[in-house]
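Undergrad: structural data only, the sequence is not supplied:
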């Protein structure tokens, strides 16, 4: 049987160990993050998406993203990743397409994200550089 891949927004299917391991040890944005903080971030995000390899009726989590949102006007896309062994086969595009088309996000006026190296991916879905950076401010803690 050939492997297939699915994207799900069911938080109950998420494998916190896979998510924490990638974020803590392999991401540039969350190095050293604790499992407790990862769990809290998932619990308090409006939507979370898992990417799963399906083989022999087993689900193996191979990707993740979460959306911080009021589900009305604003959304922030965070913690997006596909495990290295599964990159280059279109799964990040499949993940972002599922997020952009999710019915809970239909009324969003502005969606934002931060990336160091995936601009081309997000541009395919309509994301652009911030046109008026004077509108935005940040408060960095730690």
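TA: Here it is on my side, so go on. Since the model is a prediction, treat every value here as computed from it, not as a measurement.
Undergrad: so what touches the longest strand seen in the chain?
TA: Longest among the strand segments of the chain by residue count, using DSSP state E, is strand 58-69. If you take Cβ atoms under 8 Å, 6 or more residues apart in numbering as the criterion, strand 58-69 is touched by 5-7, 13-15, 18-19, 22, 41-42, 44-53, 75-83, 85-86, 91-92, 95-96, 99, 102, 105, 108. The C-beta positions use only the backbone N, C-alpha and C, and glycine is treated the same way.
Undergrad: from the chain's centroid, how far away is it?
TA: Strand 58-69 sits 7 Å away from the centroid of its parent chain (Cα atoms, centre = their mean, to the nearest Å).
Undergrad: got the buried residues for stretch 124-139?
TA: Under the neighbour-count criterion of 16 or more other Cβ atoms under 10 Å, stretch 124-139 has residue 127 buried.
Undergrad: burial count for residue 21?
TA: 14 (other Cβ atoms under 10 Å).
Undergrad: same question, residue 117
TA: Residue 117: 7 surrounding residues under other Cβ under 10 Å.
Undergrad: do the same with residue 75
TA: 24.
Undergrad: okay, it and residue 109: tell me how far apart.
TA: Taken as Cβ to Cβ, to the nearest Å, the spacing of residue 75 relative to residue 109 amounts to 9 Å.
Undergrad: also residue 22?
TA: From residue 22 over to residue 109 the distance is 31 Å, taken as Cβ to Cβ.
Undergrad: more neighbours: the two, which one.
TA: More neighbours surround residue 22 than the other of residue 22 and residue 109, with 21 against 8 (other Cβ under 10 Å).
Undergrad: of the contacts of strand 58-69, grab the buried ones for PyMOL.
TA: A single PyMOL command selects the buried members of the contacts of strand 58-69 (16+ other Cβ under 10 Å):
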select buried, resi 5+7+14+18+19+22+41+42+45+46+47+48+49+50+51+52+53+75+77+78+79+80+81+82+83+86+91+92+95+96+99+102+105+108
